[in-house]
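Trainee: what shape does this take:
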Amino acid sequence: QYFFNSRKIYEQIGNYEGLISSLTNISKFYLENNLKDSALYFAKTAYDLAQSYNYLETLIRVYDAYYRALKAANKPAQALQAYEKYIEMRDSLKNIENEKTAFKQQIQYEFEKQKAVREKEFEKQIAVKQQQAEKQKIISYSVSLILILIAIFSALVWNRLKVTQKQKQIIETQKQVVERKNSEILDSINYAKRLQEAILPSQATLQRILPEHFLMFRPKDIVSGDFYWIEEKGDEVFLAVADCTGHGVPGAMVSVVCANALNRIVNEFEITSPAQILDKAREIIIRTFTKQGEKDVKDGMDISLIKFNRKTLQACWSGANNPLWIIRNGQIIEYKPDRQPVGQYVKMQPFNEHEIQLMNGDAFYLFSDGYQDQFGGPKGRKFKAKSIKTILLSHQDKSTREQYQILLRTFEEWKGEGEQTDDVTVIGVRV
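Mentor: Numbers count the residues shown, from 1 in each chain. A predicted model of the protein is given here:
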């Protein structure tokens, strides 16, 4: 009620800065009480009104409230725009403050400089008087000379102490700036992680489509260059594990482009052949990453893509550098991929497609190369694909959940205290 009353008063007296602040406070109040629509309404009202006035600190609070209201209302694209504007305005305020600080430091420097000049002039005057006193009394001259030396030494020590303190303050300020920037970068990467998680299929979706499966997804950094993808068309299921160029934020950016390409190909172009899907994906990816006049852009992905019918168990598979493993009756059947990525390549050929008749009880596995390329163990070597095959064959009688736990535990024990080498993605499905 206080905020509504203040809003009314500010409207009557024409205090728009106060009015904007009241609208922002009302939005925050509604957001704290989970009234998302009301929060968004008042945040939007404050945002629209603030565009006409240049109250910098008030604008920062408005953009922050508007971003939080949009985020709560599940509008990620608008929320991201508001958040970027908030960061921009906040940085502008910080720049102003930094300029003020620099001005104060300049004034202080000029003061110290003038002080030093006055001290030198004073010292000269003392020297002249000492020279005059020397004629009168040698003893007085000696005493005065000693006092002068002491004064000079003290001045030097004091001046050095001041310089050291100033340098310490500068270093501390720079440290705080670096820490703040690192925090802002980390916040941005965490937000990118939430956006990437929104693109990936949820665990509920995977469980509904694939009742017996496991997913091991371990990014090397906060965000991943690996991604997994699933789509269903009637009784047919499309499932893929892809490893995009790079890891971290660059890899995640490439993964968004590649995942979007797969969605367009299946839903917009209505292509259902795995090999043709990869051919079309290569075309889209090259067109996306290649600017006019540039032909050496190598961004793309390695992928293992399978399509299977849940009723007939008829399957088709195509792979780019990543294979397909099927375990049947205690034996591994391996389907070799084409030795080319989905992207720009020296010798690009149409992708091959393998027709497969799955059987009840079969288990198939799609994966990136992160698990097998992990360094570790007593000699610091790669884990290798052969070791993964041994684990899967040894525990084929176990449930998919138990297989996941065994793979995860083995990976952690092999890696030990070392750094994770690459993004890791493994999907196992039992039919």
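Trainee: which residues touch Tyr47?
Mentor: Under the criterion of Cβ atoms under 8 Å, 6 or more residues apart in numbering, the neighbours of Tyr47 are 62-63, 66, 82. Where you see a C-beta, it was placed from the backbone N, CA and C, and this is true even at glycine.
Trainee: separation between it and Met89?
Mentor: Distance, Tyr47 to Met89, using Cβ to Cβ, to the nearest Å: 12 Å.
Trainee: which residues are in contact with each of the two?
Mentor: When contacts are counted by Cβ under 8 Å, 6+ apart, Tyr47 and Met89 are jointly contacted by Tyr63.
Trainee: quick one, what contacts Lys298?
Mentor: Each residue near Lys298 by Cβ under 8 Å, 6+ apart is listed here: 245, 343-344.
Trainee: for it, helix, strand, or coil?
Mentor: Reduced to three states with DSSP: H, G, I helix; E, B strand; the rest coil, the structure at Lys298 is coil.
Trainee: just the pLDDT for it.
Mentor: At Lys298, the model reports a pLDDT of 72.
Trainee: re the thing from before, closest one to Ile222 out of the contacts of Tyr47, please.
Mentor: In terms of Cβ to Cβ, no member of the contacts of Tyr47 lies closer to Ile222 than Ala82, at 22.3 Å.
Trainee: how about that closest one, nearest residue that isn't a chain neighbour?
Mentor: With Cβ to Cβ, 6 or more residues apart in numbering as the measure, Tyr67 is the residue that lies nearest to Ala82, at 3.9 Å, once sequence neighbours are left out.
Trainee: can you report how many residues lie near the one you found?
Mentor: As a burial measure, Tyr67 scores 22 neighbours (other Cβ atoms under 10 Å).
Trainee: isn't it right next to Ile87, touching?
Mentor: No. Counting by Cβ atoms under 8 Å, Tyr67 stays clear of Ile87, with 9.4 Å between them.
Trainee: now the residue nearest to Ala82: which helix or strand?
Mentor: Element membership of Tyr67, judged by DSSP states H and E, is helix 56-72.
Trainee: can you name every helix or strand that that helix contacts?
Mentor: For helix 56-72, the packing partners by 3 or more Cβ pairs under 8 Å, 6 or more residues apart in numbering; DSSP states H and E come out as helix 16-32, helix 36-50, helix 76-136.
Trainee: mind putting those helices in TSV, mean pLDDT and distance to Lys162 included?
Mentor: As requested, the helices and strands packed on helix 56-72 are exported to TSV (pLDDT from 0 to 100; distance: least, Cβ to Cβ, whole Å):
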stretch	mean pLDDT	distance to Lys162
helix 16-32	77	41
helix 36-50	78	44
helix 76-136	73	7
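Trainee: next, format those helices as CSV and append distance to Gln331.
Mentor: Written out in CSV, the entries for the helices and strands packed on helix 56-72 read as follows (distance: least, Cβ to Cβ, whole Å):
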stretch, distance to Gln331
helix 16-32, 58
helix 36-50, 55
helix 76-136, 46
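Trainee: wait, which of these is closest to Gly370?
Mentor: Per Cβ to Cβ, nearest to Gly370 of the helices and strands packed on helix 56-72: helix 76-136, 27.8 Å.
Trainee: roughly how far is the closest one from the heart of the chain?
Mentor: For helix 76-136, the distance between its averaged C-alpha position and the chain's averaged C-alpha position is 37 Å (Cα atoms, centre = their mean, to the nearest Å).
Trainee: which helices and strands sit right next to whatever helix or strand comes next after it?
Mentor: Next along the chain after helix 76-136, taking DSSP H and E as the criterion, comes helix 138-199. Applying 3+ Cβ pairs under 8 Å, 6+ apart, we find helix 138-199 packed against helix 76-136, helix 248-267.
Trainee: let me have these in a markdown table, adding distance to Phe375 and mean neighbour count as columns.
Mentor: Supplementary listing: the helices and strands packed on helix 138-199 in a markdown table, determined by distance: least, Cβ to Cβ, whole Å; neighbours: other Cβ atoms under 10 Å:
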| stretch | distance to Phe375 | mean neighbour count |
| --- | --- | --- |
| helix 76-136 | 37 | 13 |
| helix 248-267 | 18 | 19 |
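Trainee: any chance of these in CSV, plus distance to Glu417?
Mentor: CSV is the format used below for these (distance: least, Cβ to Cβ, whole Å):
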stretch, distance to Glu417
helix 76-136, 36
helix 248-267, 21
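Trainee: right, so of these, which gets closest to Ile20?
Mentor: Across the helices and strands packed on helix 138-199, the minimum distance to Ile20, taken as Cβ to Cβ, is reached by helix 76-136, at 13.3 Å.
Trainee: for the closest one, name the packing helices and strands.
Mentor: Packed next to helix 76-136, using 3+ Cβ pairs under 8 Å, 6+ apart, are helix 56-72, helix 138-199.
Trainee: the last one vs helix 76-136, what angle?
Mentor: So the one you mean is helix 138-199. Calculated by axes from the mean of the first three to the mean of the last three Cα atoms, to 10 degrees, helix 138-199 forms an angle of 170 degrees with helix 76-136.
Trainee: next structured bit after helix 138-199?
Mentor: Per DSSP H and E, the first helix or strand lying C-terminal to helix 138-199 is helix 203-209.
Trainee: put the alpha carbons of stretch 231-239 into PDB.
Mentor: Listed next in PDB are the C-alpha coordinates belonging to stretch 231-239 (Å, rounded to 0.1, in the frame of the first residue of the first chain):
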ATOM      1  CA  GLU A 231      12.600 -36.700 -32.100                       C
ATOM      2  CA  GLU A 232       9.700 -39.000 -32.700                       C
ATOM      3  CA  LYS A 233       7.400 -39.300 -35.700                       C
ATOM      4  CA  GLY A 234       4.600 -41.800 -35.000                       C
ATOM      5  CA  ASP A 235       6.300 -45.200 -34.200                       C
ATOM      6  CA  GLU A 236       9.700 -44.000 -35.500                       C
ATOM      7  CA  VAL A 237      12.300 -42.600 -33.100                       C
ATOM      8  CA  PHE A 238      15.300 -40.500 -34.200                       C
ATOM      9  CA  LEU A 239      18.200 -40.500 -31.600                       C
END
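Trainee: what does that stretch rub up against?
Mentor: 209-210, 228-230, 262-263, 266-267, 272, 274, 277, 305-312, 366, 427, 429.
Trainee: buried ones from these, can you make that a PyMOL selection?
Mentor: To isolate in PyMOL the members of the contacts of stretch 231-239 that are buried, counting by 16 or more other Cβ atoms under 10 Å, one can use:
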select buried, resi 209+210+228+229+230+262+266+274+277+305+306+307+308+366+427+429
